[in-house]
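Trainee: sequence first, predicted model second:
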Amino acid sequence: METAVKKKYRHMVGKGPYDLPLEDYDVSQRELYQSDSLWGFFDRMREEDPVHYCKESRFGPYWSVTKFDDIMTVEGNPEIYSSEPSISLMDPVEGDFEMKAFITMDEPKHGKQRRTVQGAVAPRNLANMEDLIRERVCKILDEAPVGETFDWVDKVSIELTGQMLATLFDFPFEDRRKLTYWSDVATAVPGPDSIISSYKESQRILMEECVPTFFEMWQDRVNKPPQFDLISMMAHGEDTKDIATQRPMEFLGNLMLLIIGGNDTTRNSITGSVLFLNENPDQYQKLRENPELVTNMVPEIIRYQTPLTHMRRTATQDTVLGGKNIKKGDKVLMWYVSGNRDESAIEKPYEFIIDRPRPRHHLSFGFGIHRCMGNRLAEMQLRIVWEEILRRFEKVEVMGKPERTYNNFIRGYTELPVRLIPVSK
């Protein structure tokens, strides 16, 4: 039976954008994302109230920034809009389980820690990885059942990103699904269909399973010459070399940032790409006729998917944005999922156009000092996936509706049934 509190915080479910007054909008409700019914609400906000104040939600009051240019303004002024203490709607857990990661830090600490691990996705290293990624993509696609319905999320999207994470961490390859599991645990919302029953369970799993595993790897790497994996880079980095022993919650926070960043965004874009091409058969045909469009299509996939719905900042001072008075300490949410559908910044934003001019003109990777450092790796994986799909299959045919995540931060999929139709010889 639904409690009064739960009902109170899902009052937009099943409603249209004009069924409620704007002042009652709360676009943090996870059901909007699971049902993919968010779009009309953001359209109205961009049109009538682009910097919108939600006075009450299960996460407290917050501002929504919904237009492309306003989001860029917030991203471009980190001294006014701080990444501390959190980059999501939720505040850090009080007490012993307050994870810290460099994405939730301001300068100069953010830059120092980011630079420690950035080499893993530097252009030269990516070039060295391409053959390995292609080899793995080919193996995954060659082993997929042809002519049978199967779950694309599990067999392809999760498998590929799990293998890539294992490489970046130099993690035992046979245990790679643990990385996916820990990522899912860290981002899951408790509930009857969730992999966790409570946030306490999530904390226990990470502290009892994830941290000891990586601490053992850390101890191994710190006593060896520096290598080109993320753990070794942190173990030998001047600004992170004591993080595992002296700042364990910061160690866990950075681990989860790197795991989630390498898992959820690419995994959900790989799944989304199959869905979008099925929903737009003219674009699928265009791609089959012009396979070289893959490179241009990839950033369009990432825009259209927008794997992270939002990022949060906290105002460090009283300021004005879009004519609204924002107070020091207020939560400010940049809704990338809305900015990527802003008609004033992107032509025909609701259309999936694989040969779109300026396809990288989107917000999915953020902007400024916190721009996603793995953006080129994500693009490379998507490009290779589709290059190899086109060599093998006439179509990856969607056989049923996607199951979407119950999450207001990660916009993703838990299941997508598909069938592979091979290229006729």
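Mentor: Now that the structure is in, tell me what you want to look at.
Trainee: what are the buried residues along stretch 369-387?
Mentor: Neighbour counts over stretch 369-387 (16 or more other CB atoms under 10 Å) mark 370, 372-375, 377-386 as buried. Using the backbone N, CA and C atoms, a C-beta is placed for each residue, glycine as well.
Trainee: typo on my end, stretch 243-255
Mentor: Residues of stretch 243-255 classed as buried: 243-244, 249-255 (neighbour count, 16+ other CB under 10 Å).
Trainee: same check, this time on stretch 166-176
Mentor: Neighbour-count burial for stretch 166-176 [16+ other CB under 10 Å]: 166-171, 176.
Trainee: before we move on, what about stretch 16-23?
Mentor: Buried residues in stretch 16-23, counted by 16+ other CB under 10 Å: P17.
Trainee: contacts made by that stretch with the rest, please.
Mentor: Stretch 16-23 has contacts (CB atoms under 8 Å, 6 or more residues apart in numbering) with 11-12, 40-41, 43-45, 48-49, 52, 55.
Trainee: that older thread, now, the buried residues of stretch 166-176 that are in helices?
Mentor: 166-169 (DSSP state H).
Trainee: from these, which single one is nearest G400?
Mentor: If you rank those by distance to G400 using CB to CB, A166 comes first, at 30.1 Å.
Trainee: I'd say that closest one and L179 touch.
Mentor: Yes: counting by CB atoms under 8 Å, A166 does reach L179; the two are 6.6 Å apart.
Trainee: the buried residues of stretch 243-255 in helices, which ones?
Mentor: Among the buried residues of stretch 243-255, the ones falling in helices (DSSP H) are 243-244, 249-255.
Trainee: closest to P225 among these?
Mentor: Of all those, A244 has the smallest distance to P225: 17.9 Å, by CB to CB.
Trainee: the closest one and D220, how far apart?
Mentor: 11 Å (CB to CB, to the nearest Å).
Trainee: ok, now F171?
Mentor: Noted for F171: a distance of 12 Å to D220, by CB to CB.
Trainee: now H11
Mentor: Where D220 is concerned, H11 sits at a distance of 52 Å (CB to CB).
Trainee: swap in R30?
Mentor: Taken as CB to CB, the span from R30 to D220 is 39 Å.
Trainee: looking at those two, which is more packed in?
Mentor: Taking other CB atoms under 10 Å, R30 and D220 do not tie; R30 has more neighbours (18 against 13).
Trainee: OK, contacts around the closest residue to the more buried one other than its chain neighbours?
Mentor: In this structure, R30 finds its nearest non-sequential neighbour in N408, 4.8 Å apart by CB to CB, 6 or more residues apart in numbering. With contact set as CB under 8 Å, 6+ apart, N408 has these partners: 28-30, 32-33, 89, 309-310.
Trainee: could you say which helix or strand holds N408?
Mentor: Using DSSP states H and E, N408 sits in no helix or strand.
Trainee: check it and give its pLDDT.
Mentor: pLDDT recorded at N408 is 94.
Trainee: begin at 621 from here
Mentor: OK, 621 is where the count begins now, so the last one is N1028.
Trainee: quick one: it and M725, what's the gap?
Mentor: Distance, N1028 to M725, by CB to CB: 23 Å.
Trainee: again, but for N883
Mentor: Distance, N883 to M725, using CB to CB: 21 Å.
Trainee: pass me the low-pLDDT residue ranges in the chain, would you?
Mentor: 621-626, 712-720, 722, 739-741, 1045 (pLDDT under 70).
Trainee: one more time with 50, if that's ok
Mentor: 621, 714-716 (pLDDT under 50).
Trainee: now do the strands in it.
Mentor: With strands called from DSSP state E, the chain shows them at 671-674, 682-685, 701-702, 769-771, 930-935, 939-941, 944-946, 951-955, 1013-1018, 1023-1024, 1033-1035, 1037-1042.
Trainee: now the ones you listed in JSON lines, with mean neighbour count and distance to Q905?
Mentor: Output for the strands of the chain, formatted as JSON lines (neighbours: other CB atoms under 10 Å; distance: least, CB to CB, whole Å):
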{"stretch": "strand 671-674", "mean neighbour count": "20", "distance to Q905": "40"}
{"stretch": "strand 682-685", "mean neighbour count": "25", "distance to Q905": "37"}
{"stretch": "strand 701-702", "mean neighbour count": "22", "distance to Q905": "43"}
{"stretch": "strand 769-771", "mean neighbour count": "16", "distance to Q905": "23"}
{"stretch": "strand 930-935", "mean neighbour count": "22", "distance to Q905": "34"}
{"stretch": "strand 939-941", "mean neighbour count": "15", "distance to Q905": "43"}
{"stretch": "strand 944-946", "mean neighbour count": "16", "distance to Q905": "45"}
{"stretch": "strand 951-955", "mean neighbour count": "24", "distance to Q905": "33"}
{"stretch": "strand 1013-1018", "mean neighbour count": "18", "distance to Q905": "10"}
{"stretch": "strand 1023-1024", "mean neighbour count": "16", "distance to Q905": "26"}
{"stretch": "strand 1033-1035", "mean neighbour count": "17", "distance to Q905": "24"}
{"stretch": "strand 1037-1042", "mean neighbour count": "17", "distance to Q905": "14"}
